[in-house]
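**Q** Here's a sequence, model it:
(chains A and B)
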Amino acid sequence: EAGVAQSPRYKIIEKRQSVAFWCNPISGHATLYWYQQILGQGPKLLIQFQNNGVVDDSQLPKDRFSAERLKGVDSTLKIQPAKLEDSAVYLCASSADRTGRNEKLFFGSGTQLSVL
Amino acid sequence: GNSVTQMEGPVTLSEEAFLTINCTYTATGYPSLFWYVQYPGEGLQLLLKATKADDKGSNKGFEATYRKETTSFHLEKGSVQVSDSAVYFCALSNSGYALNFGKGTSLLVTP
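**A** Next up is the predicted model:
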């Protein structure tokens, strides 16, 4: 089966610019996650969707980050305006689990963002 | 809150050596515990899991036992191969919340 698709693979922008990332989860997966992975650290959850509803966005910096999941399939994550500390790999993951037990996530290869 | 702490890397081993990567956790209740692996150039993937105390997760020769008394989930493999070179992440999930990851441990296996 096709995996989680993310684009672009790399992005370089200047601070205060805006950027958007796209994710296409595995077909049929109800739950979608966006994680931020700063170099040398583990992934940190930004937002979790169940179908097209938000389950957890408590760690999303809402003054500059936004995310949507239209029709419960694809998702976009946007940063506007970007700061230097946003330089990281942005990982999208999906799960078939509908119970919230989060037992197996499938990750995309990520988008590496560099903010100059 | 929920958190995991894993040993600092990088870990460098010779092929066929014994591997242990330590992981301890802090959580209320009964979390599920996981090891994820990231091979060079690839996305994170689930290696093994354990959902209750004394469970042993195993896959590809790797094992980890959920020890509630020591709040630990150490990853072990009896004989590592060059192809095991990767970054290993310990993670937990509690009460339906999304996975909470450790910082990762880089493993390099030399021939």
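
**Q** Would you mark the buried spots in the helix or strand of chain A with the lowest mean pLDDT?
**A** Ranked by mean pLDDT, DSSP states H and E, the weakest helix or strand in chain A is strand A:53-56, scoring a mean of 90. Neighbour counts over strand A:53-56 (16 or more other C-beta atoms under 10 Å in any protein chain shown) mark A:Val55, A:Asp56 as buried. For every residue, glycine as well, the C-beta is placed using N, CA and C.

**Q** need the next SSE after that strand, C-terminal direction.
**A** Going down the chain from strand A:53-56, the next helix or strand is strand A:65-68, by DSSP states H and E.

**Q** what separates the closest residue to A:Ala96 other than its chain neighbours from A:Phe106, distance-wise?
**A** Nearest residue to A:Ala96, sequence neighbours excluded (C-beta to C-beta, 6 or more residues apart in numbering or on different chains): A:His29, at 5.1 Å. Separation of A:His29 from A:Phe106 (C-beta to C-beta, to the nearest Å) stands at 7 Å.

**Q** residues shared between the contacts of these two?
**A** Common neighbours of A:His29 and A:Phe106, counting by C-beta atoms under 8 Å, 6 or more residues apart in numbering or on different chains, are A:Ser94, A:Ser95.

**Q** about what we covered before: mind listing what the residue nearest to A:Ala96 touches?
**A** A:His29 touches A:Ser94, A:Ser95, A:Ala96, A:Phe106, counting by C-beta under 8 Å, 6+ apart.

**Q** Which among those residues count as buried?
**A** By 16+ other C-beta under 10 Å, these give A:Ser94, A:Ser95, A:Phe106 as buried.

**Q** out of the residues you listed, which touch chain B?
**A** Among these, the residues lying close to chain B (C-beta under 8 Å from any C-beta of the partner chain) are A:Phe106.

**Q** Helices - which of the buried ones among the contacts of A:His29 land there?
**A** For the buried ones among the contacts of A:His29, not one is inside helices, with DSSP state H as the criterion.

**Q** Could I get the buried ones among the contacts of A:His29 in TSV, plus columns for pLDDT and distance to A:Arg69?
**A** Converted to TSV, these look like this (pLDDT from 0 to 100; distance: C-beta to C-beta, whole Å):
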residue	pLDDT	distance to A:Arg69
A:Ser94	93	10
A:Ser95	90	13
A:Phe106	92	16
